[in-house]
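Peer 1: pasted the sequence and its predicted model underneath.
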Amino acid sequence: MMCVRARLATVGVGSTGRRYGRKETRKARCHAASAPAIRVSDAALDHIKKMREESGEKELLLRVGVKEGGCSGMSYTMDFAEKESVKDEDSVLEFGDMKIICDPKSLLYIFGMELDYKSALIGGGFSFRNPNADKTCGCGKSFSV
């Protein structure tokens, strides 16, 4: 399991009692019980799988990310991608037979996000709950940090 979180300390005392300062940093240890980089609700996962089946390509992956733009400065992106488009630096998250990929720059903005789906006539569709967002737009598809 790859650790995406690192804690850098500038001044403090290490576990051995040794002081460390600005020149020395320590990385936080990763534990298997750490929160997943992106959480996906069952409703969202079911709808993504349904959309993938409707496309006729059962081997597609879902690429999530962020780009500049939108009402609040940054907007979420989601699109299907082929296996060949996965880069070495991409994070690959597995949810059963569905794989979600995310580039490292986007993951900095959406780490800990929960993707959900509601089929309501008003306010339905995908929703993003991002703990890193300071403000979100009324539409819920854009945010700022």
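Peer 2: Sure, I can see it.
Peer 1: list the contacts for Met74?
Peer 2: Val66, Lys67, Glu68, Tyr109, Ser142, Phe143, Ser144, Val145 (C-beta atoms under 8 Å, 6 or more residues apart in numbering). The C-beta positions use only the backbone N, C-alpha and C, and glycine is treated the same way.
Peer 1: for the helix of greatest length in the chain, packing partners?
Peer 2: As assigned by DSSP state H, the longest helix anywhere in the chain is helix 42-55. If contacts are counted by 3 or more C-beta pairs under 8 Å, 6 or more residues apart in numbering; DSSP states H and E, helix 42-55 sits against strand 74-81, strand 98-102, strand 113-118.
Peer 1: which of these sits closest to Ser55?
Peer 2: Shortest distance between Ser55 and the helices and strands packed on helix 42-55, using C-beta to C-beta, is found for strand 74-81: 6.5 Å.
Peer 1: quickly note the distance from the residue nearest to Ser41 when sequence neighbours are not counted to Val86.
Peer 2: Closest residue in space to Ser41, ignoring its immediate chain neighbours: Asp116 at 4.4 Å, by C-beta to C-beta, 6 or more residues apart in numbering. Counting by C-beta to C-beta, to the nearest Å, the separation of Asp116 from Val86 is 25 Å.
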